[in-house]
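> Any chance you can model this:
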Amino acid sequence: MNGGQSVAPQSLRLLALRRRDVLLATAIAAFLALTMAAGIRVLGSVGVLVPLALLLAAILLTRPVLTLVLIVGLALVCEGEAFGLFTFTGELYIQVYKDISLLDLLVGLIVISALFDVLRNNRPLLIPRPLALGLTMLALAMACGAYVGHESGVSVRYSIFSEHILFYLLLMPVAVANLDLDERRIKRMLAATVPLAAIKAVLGLVEISMHLGRGIEGSSTLTYYEPTANWLMMIILLAILAAALAKTTRPRWVLLSSPLLIACLLLSYRRSFWIASVLGVVLILVLGTSPAGRRLLIPSGLAVAAAIWVLGSINFQSNLPVVKRVNSLSASTLEANSEDRYRIDERENVFAEIEAHPISGLGVGIPWQATAAPLSVEHEGGREYVHFVALWFWLKLGVLGLCAYLGLVLGSIVLAWQAWRRSRDPWLRAFSLASACGIAGLLVMDTTASFTGVEPRFTLVLAAQIGLLGVLARGPRREQASELV
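Numbers count the residues shown, from 1 in each chain. This next block holds a predicted model:
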C-alpha cells in the first residue's frame, strides 16, 4: 500500500509536467506563428525570418560582447551601394519599417544588451569623464533640434527618427564603455581587425582592377568611396607606426599587410583621408619619438612637402589620377571643378542660413533654403546635407549642437590620451595613440564632408572605438573610478 501511495503522486506529477510542456510548446508555436504572420504582412516574404530573428536577438541580448563584435564586424565587412564588387552587402542598411533601418535595430540591440548586462551584474552605469560634457550637450541639442523642427512643421515621429544616427553617437560610447572587458579581450578584438582590413584592401584593389568602383578623375575608378573602410585602414596604419616607434615586436604578416593598406587608402582618392593620415603621422612622430627624433621632423616635413610639389609640377606625370587628385587641392582647381565649386557655394548658403538662425538653427528635418550663392549643380536631398559637419550640427541643432560636436571630438581625444598613458599592453598603447591622432585628423576630414553623426556606418564604428577607449582609460584596475562620473 505504501508503495502504491508513493507511485501515484509521482505519476500525477509527471502527467502534470507533460501537460505543462505541451501547453508551453503550444504557446511558443502560437507565438511564432503570429509573429511570422505579422512579419509577412509588414515585410512580405522576408517576414518568414522574423521568428528566427527574434530568437537570435534573445540570445544576443544575454551576450553583449558577442553582440558588439558581431554587429560592428558586420558594419565593417558590409559595404553600401557604392561598392561594386559585392552589391548584396548593402542590404544590411535597408529600411525595414518606415524610418527604421536594419542597422538601427542592430545598434539598439547592442545598447539594450549592454544595459541588461549592467543591471544583471548590479554594476553602476559609468560615463567616461572626458565625454560627460559633450554627451550632455548632445542630448540637450537633440531635444532642442527635434522641438525646433516640430515647431517648423515636422511631425514628432519624423523629427525623432531623423536623429537616429545621433543616437549612435550618444548611446554607443557609454554602452561599450560599460561592458565587462579587460585588456586581453580588447586586444583580441582589435587584433582581428588587422587581417580584416588586409582582406578589404585586397577586395578594394580587385574592384579597381575590374573597374567596378565609383568613377573618379576621368576613366579611373576608386577602391572605397564610403569612409568606414578608409577610416579602418588609416587607424591600423597609424597604430603600426606607433608600435614601430615604440619598438614593439610586430608579426611579419602585419608589416607585409601595410603596403596593401597604403595602396588601398591612396587609391580611394579621398583627399580628406590623405590629409588626415599625414596629420596623424606627424602627430605620432611628435608624440612617439625621442627628443632627438623630433628635431628631425621639421626638415623631414619640408622634404616631403618639396617632393609633393615636384611631383605635381612634372608634366609627364600630370595624367596620373593620383597626381590629378593632389593638384585638385589648389585654389584655382577647386574653383574650376563643379563638385568642389558646389561645396564652396553650399557653404556660403549654409553660413547665410545660420546667420538667420544663429541660436536655434533650423531644426531637424528642415532643409536650408538660402540663395546667397547660386549652386553649380543641384543634388537630390542636398539641402539636408552640409559638406562641413560642424556647420551641419550648428544648422540642425543650433549653437548647442556645435558645442556638442566640438566637446565630443575634443573629449574623445582626451580619452584616447588617457588610454595611451594608462594601458600596459604596447599594442593597446599604439591603438590608443593612433586613435588620438586619428580623431585629431577627423577634425580636418569633417571639414570636407559630414561623417561624424551623419554617416551611419562610420558613426557606429567611431562610437564603438570611443567606447573601447573609455574602457582602456580606466587603466588595468576596474576599481579605479576617479576618471568616471
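> Flag the shaky bits of the stretch 251-400 of the chain, pLDDT-wise.
Along the stretch 251-400 of the chain, segments meeting pLDDT under 70 span 289-340.
> where along it do the strands fall?
With strands called from DSSP state E, counting those that start in this stretch, the stretch 251-400 of the chain shows none.
> Which parts of it are helices?
According to DSSP state H, counting those that start in this stretch, the stretch 251-400 of the chain carries its helices in the segments 252-266, 271-288, 291-294, 297-313, 321-327, 331-336, 338-356, 389-397, 399-422.
> How far away from the center of its chain is the second one?
Between the mean C-alpha point of helix 271-288 and the mean C-alpha point of its chain there is a distance of 19 Å (Cα atoms, centre = their mean, to the nearest Å).
> Same question for the last one.
The chain centroid and the centroid of helix 399-422 are separated by 15 Å under Cα atoms, centre = their mean.
> Report all helices and strands that it contacts.
Packing partners of helix 399-422 (3 or more Cβ pairs under 8 Å, 6 or more residues apart in numbering; DSSP states H and E): helix 129-151, helix 389-397, helix 426-445, helix 456-473. All C-beta spots, glycine's among them, are computed from the backbone N, C-alpha and C.
> Same list (the ones you listed) but as a markdown table, adding mean neighbour count and distance to Thr249.
Formatted as a markdown table, the helices and strands packed on helix 399-422 follow (neighbours: other Cβ atoms under 10 Å; distance: least, Cβ to Cβ, whole Å):
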| stretch | mean neighbour count | distance to Thr249 |
| --- | --- | --- |
| helix 129-151 | 20 | 31 |
| helix 389-397 | 26 | 38 |
| helix 426-445 | 25 | 8 |
| helix 456-473 | 26 | 20 |
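> Gly84: which of those is closest?
Of all the helices and strands packed on helix 399-422, helix 456-473 sits nearest to Gly84, with 17.0 Å by Cβ to Cβ.
> counting contacts, what elements does the closest one pack onto?
So helix 456-473, by 3+ Cβ pairs under 8 Å, 6+ apart, packs with helix 64-77, helix 102-120, helix 129-151, helix 164-177, helix 183-209, helix 227-245, helix 399-422, helix 426-445.
> list the contacts for Ile112?
Neighbouring residues of Ile112 by Cβ atoms under 8 Å, 6 or more residues apart in numbering: Leu61.
> Equivalent analysis for Trp427, please.
Trp427 is in contact with Lys187, Leu190, Ala191, Ala239, Ala243, Thr248, counting by Cβ under 8 Å, 6+ apart.
> same deal with Ala436?
With contact taken as Cβ under 8 Å, 6+ apart, Ala436 is in contact with Leu283, Ile413, Ala416, Trp417, Trp420.
> Which single one of these is nearest to Gly441?
Nearest member of these to Gly441, counting by Cβ to Cβ, is Leu283, at 8.0 Å.
> distance of the nearest residue to the closest one once chain neighbours are set aside from Leu462?
Of all residues not flanking Leu283 in the chain, Cys437 sits nearest, at 4.0 Å (Cβ to Cβ, 6 or more residues apart in numbering). Cys437 sits 14 Å away from Leu462, going by Cβ to Cβ, to the nearest Å.
> now Ile165
11 Å.
> Now Leu362. Its backbone dihedrals?
As for Leu362, its main-chain torsions (degrees, to the nearest 10) stand at phi -80, psi -30.
> Enumerate every residue touching the residue nearest to it when sequence neighbours are not counted.
For Leu362, ignoring the flanking residues on the chain, the nearest one in space by Cβ to Cβ, 6+ apart is Leu395 at 5.7 Å. By Cβ under 8 Å, 6+ apart, the residues touching Leu395 are Val350, Glu353, Ile354, His357, Gly361, Leu362, Trp368, Val386.
> if we can go back for a sec, which stretch among the helices and strands packed on helix 456-473 comes nearest Trp253?
Trp253 lies closest to helix 183-209 among the helices and strands packed on helix 456-473, at 8.0 Å (Cβ to Cβ).
> avg pLDDT for the helix or strand that comes right after that closest one?
Heading C-terminal from helix 183-209, the first helix or strand you meet, by DSSP states H and E, is strand 215-216. Averaging pLDDT along strand 215-216 yields 74.
> same check, this time on stretch 171-190
For stretch 171-190, mean pLDDT rounds to 93.
> end to end, how far does it reach?
21 Å (Cα to Cα, to the nearest Å).
> repeat for stretch 211-231
This stretch, stretch 211-231, spans 22 Å end to end (Cα to Cα).
> returning to that earlier point: any idea of the pLDDT on the residue nearest to Leu283?
For Cys437, the model assigns a pLDDT of 93.
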